[in-house]
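Kindly generate the corresponding structure for this input.
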Amino acid sequence: MPKMKKETRIKREIKRLNDIFIDLPKDTINIADGLIKQAAYMRIQLEDYMVDLDEGGYVELFTQSPSTPPYERERPVARLYATANRNYQQIMKQLSDLLPKHDKKAGDLDDGFSKFVSAKPIRR
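From the prediction side, this is the model:
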């Protein structure tokens, strides 16, 4: 990941998401704007958490005092990552639900086969 300022990375992500949702109606864009900004921030934060987790792992040795043996515990950033990722997925789902649906059933697609078959004379 390039060493860019967090603000710059967030602005680029906002632009990327705005490009995806550019064709939404204006009233829907107004609704999506806050979600887009939040999603952009969360995605960049998740990338930073991933770097930390790649470098430090998901668990660490921890002890309450020098007299007790250390034990493995989940690193706090691992829990933060899991929670942030779940929230990010929810926001992205909300955003994707704003996109127009393109539900064409297989029967709705005209590939010309029916016309071809009906145009052929039947041989006997």
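
And the next helix or strand past the helix ranked longest in the chain?
Determined from DSSP state H, the single longest helix within the chain is helix 26-56. Heading C-terminal from helix 26-56, the first helix or strand you meet, by DSSP states H and E, is strand 59-62.

Quick one: name whatever helix or strand follows that next one.
strand 71-74.

Direction included, what does that following strand pair against?
Strand pairing for strand 71-74, determined by DSSP bridges: strand 59-62 (antiparallel).

Need the residues that contact the partner strand.
For strand 59-62, contacts defined as Cβ atoms under 8 Å, 6 or more residues apart in numbering pick out P70, Y71, E72, R73, E74, R75, A78. Glycine gets a C-beta too; all of them are placed from N, C-alpha and C.

follow-up on the earlier one: report all helices and strands that the longest helix of the chain contacts.
Judged by 3 or more Cβ pairs under 8 Å, 6 or more residues apart in numbering; DSSP states H and E, the packing partners of helix 26-56 are helix 6-20, helix 76-98.

Go ahead and produce CSV holding the CA coordinates of the last one.
As requested, the backbone C-alpha atoms of helix 76-98 are provided in CSV (Å, rounded to 0.1, in the frame of the first residue of the first chain):
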residue,chain,number,x,y,z
PRO,A,76,-7.5,-5.4,20.4
VAL,A,77,-7.0,-4.4,16.8
ALA,A,78,-8.3,-7.8,15.7
ARG,A,79,-11.6,-7.1,17.4
LEU,A,80,-11.7,-3.6,16.0
TYR,A,81,-11.1,-5.0,12.5
ALA,A,82,-13.9,-7.5,12.9
THR,A,83,-16.4,-4.9,14.1
ALA,A,84,-15.4,-2.3,11.5
ASN,A,85,-15.5,-4.9,8.7
ARG,A,86,-19.0,-6.0,9.7
ASN,A,87,-20.2,-2.3,9.8
TYR,A,88,-18.5,-1.6,6.4
GLN,A,89,-20.3,-4.6,4.9
GLN,A,90,-23.6,-3.3,6.1
ILE,A,91,-23.0,0.2,4.7
MET,A,92,-21.9,-1.3,1.3
LYS,A,93,-25.1,-3.4,1.3
GLN,A,94,-27.2,-0.3,1.9
LEU,A,95,-25.4,1.5,-0.9
SER,A,96,-25.7,-1.5,-3.3
ASP,A,97,-29.4,-1.6,-2.6
LEU,A,98,-29.7,1.9,-4.0
